[in-house]
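Colleague: Provided below for reference: sequence and predicted model.
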Amino acid sequence: MIRLIVSDIDGTLLPYGQAELEPELFLLIRRLRERGVVFSPASGRQYHSLRALFRPVCDELAYICENGSIVFGPGPEDSAQVLGKTVIERAKAVELAHDILALPGCRLLISGANTSYIPEGDPWYENFMHESKGNNVALIARPEDVPEDIIKLAAYCPEGTSPCRHALAPKWEGVLSVASAGPDWVDFNLADKASGLETLCAALGIGLRDTAAFGDNWNDAPMLRLAGRGYIMSTSDPALRGQFALQCPNVLRVLENFLETGEI
């Protein structure tokens with residue numbers, strides 16, 4: 001029986017290029033909640049950004065944020081319980097930040113618990129992260145100036161992620177999780193969405209077999225494998241899609257089917 005549903009956002013619930021979730025989703029989330037089913041976004045996005053996307057139901061959800069590096073329980077933004085946080089060793093985080101800054105065509109993003117830290121002097125990028133992505137943003141002169149624990153780093157690569165991965169993966173894979181998160185982001189952290197799902201299940205007292213997960217990209221794969229039911233989007237990379245038996249053209253239709261067939 002499904003008691004917890006976790007879903008990636010970009011490319012899964014939110015088609016690339018689309019800015020707002022379908023209003024029908026919020027109705028389905030409320031219907032699921034009435035049946036005792038918890039819904040949780042599972043994303044590389046920041047907590048503040050995710051809450052804005054889910055504004056009509058934002059206090060009712062749990063959140064797996066920053067690719068599993070921090071997990072929040074339900075409640076208001078300023079008082080929701082942190083259920084788990086995975087911190088990167090400071091020296092390693094700073095070293096990686098400088099490696100990203102040295103790459104041509106890439107921009108650095110450093111994540112704290114609910115703040116994105118970006119280098120000063122790039123107004124376009126600041127506006128992009130604040131206005132387009134909806135993040136809390138703070139400017140720093142250098143990576144060493146981040147005033148809190150670092151839980152994730154990312155490289156924004158508008159020309160594609162392959163050059164960044166080719167340059168940095170040989171050094172950093174095995175030290176951190178290195179994963180493409182959509183067509184223009186490469187994420188680096190110690191956690192992943194699977195560990196975020198484990199943290200959330202432990203906090204809620206829900207067994208992994210009673211979960212369903214949805215995703216479309218390589219950084220979703222560990223979560224999909226761990227969940228009781230892992231659904232890969234039919235628009236995903238064929239090489240990834242072939243690894244999963246359950247394929248999904250539309251998450252909302254699967255949620256609706258859960259409700260109609262009584263699988264929850």
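Modeller: Nice, I can see it.

Colleague: in the chain, which spans are strands?
Modeller: Using DSSP state E, the strands of the chain run over 4-7, 38-41, 63-65, 70-72, 82-85, 107-111, 116-119, 137-140, 152-156, 177-180, 185-189, 211-215, 229-233, 246-248.

Colleague: and the ones you listed as a markdown table, adding distance to R31, mean pLDDT and mean neighbour count?
Modeller: The C-beta positions use only the backbone N, C-alpha and C, and glycine is treated the same way. A markdown table is the format used below for the strands of the chain (distance: least, CB to CB, whole Å; pLDDT from 0 to 100; neighbours: other CB atoms under 10 Å):
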| stretch | distance to R31 | mean pLDDT | mean neighbour count |
| --- | --- | --- | --- |
| strand 4-7 | 12 | 98 | 26 |
| strand 38-41 | 10 | 98 | 23 |
| strand 63-65 | 20 | 98 | 29 |
| strand 70-72 | 22 | 98 | 27 |
| strand 82-85 | 24 | 97 | 16 |
| strand 107-111 | 33 | 98 | 24 |
| strand 116-119 | 33 | 98 | 21 |
| strand 137-140 | 35 | 98 | 16 |
| strand 152-156 | 33 | 97 | 25 |
| strand 177-180 | 32 | 85 | 22 |
| strand 185-189 | 32 | 92 | 25 |
| strand 211-215 | 15 | 97 | 27 |
| strand 229-233 | 19 | 96 | 23 |
| strand 246-248 | 19 | 94 | 16 |
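
Colleague: now those as CSV including distance to L32?
Modeller: Formatted as CSV, these follow (distance: least, CB to CB, whole Å):
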stretch, distance to L32
strand 4-7, 7
strand 38-41, 6
strand 63-65, 16
strand 70-72, 18
strand 82-85, 20
strand 107-111, 29
strand 116-119, 30
strand 137-140, 32
strand 152-156, 28
strand 177-180, 28
strand 185-189, 28
strand 211-215, 11
strand 229-233, 15
strand 246-248, 16
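
Colleague: closest to L240 out of those strands?
Modeller: Minimum separation from L240 across the strands of the chain (CB to CB) falls at strand 229-233, 6.6 Å.

Colleague: and that closest one, which strands flank it?
Modeller: Using DSSP bridges, the strands paired with strand 229-233 are strand 211-215 (parallel), strand 246-248 (parallel).

Colleague: can you give me the offset of it from its chain's centre?
Modeller: Distance of strand 229-233 from its chain centroid, counting by CA atoms, centre = their mean, to the nearest Å, is 16 Å.

Colleague: With just CA atoms, put it into CSV.
Modeller: Taking Å, rounded to 0.1, in the frame of the first residue of the first chain, the C-alpha atoms of strand 229-233 are listed here in CSV:
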residue,chain,number,x,y,z
ARG,A,229,7.7,1.6,-7.1
GLY,A,230,10.0,3.6,-9.2
TYR,A,231,8.5,5.3,-12.3
ILE,A,232,10.8,6.7,-15.0
MET,A,233,9.3,9.3,-17.3
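
Colleague: For that strand, which outside residues touch it?
Modeller: 2, 11-12, 211-216, 220, 223-224, 240-241, 243-244, 246-249, 251, 254 (CB atoms under 8 Å, 6 or more residues apart in numbering).

Colleague: just stretch 19-28 next, same as before
Modeller: Taking CB under 8 Å, 6+ apart as the rule, stretch 19-28 contacts 13-14, 53-54, 56-57, 251-252, 255-256, 259.

Colleague: Can you give the domain ranges for this protein?
Modeller: 4-85+192-261, 90-189 (automatic domain parsing).

Colleague: Might you report the residue contacts of I100?
Modeller: Contacts of I100 by CB under 8 Å, 6+ apart are 106, 108, 153, 155, 164, 168.
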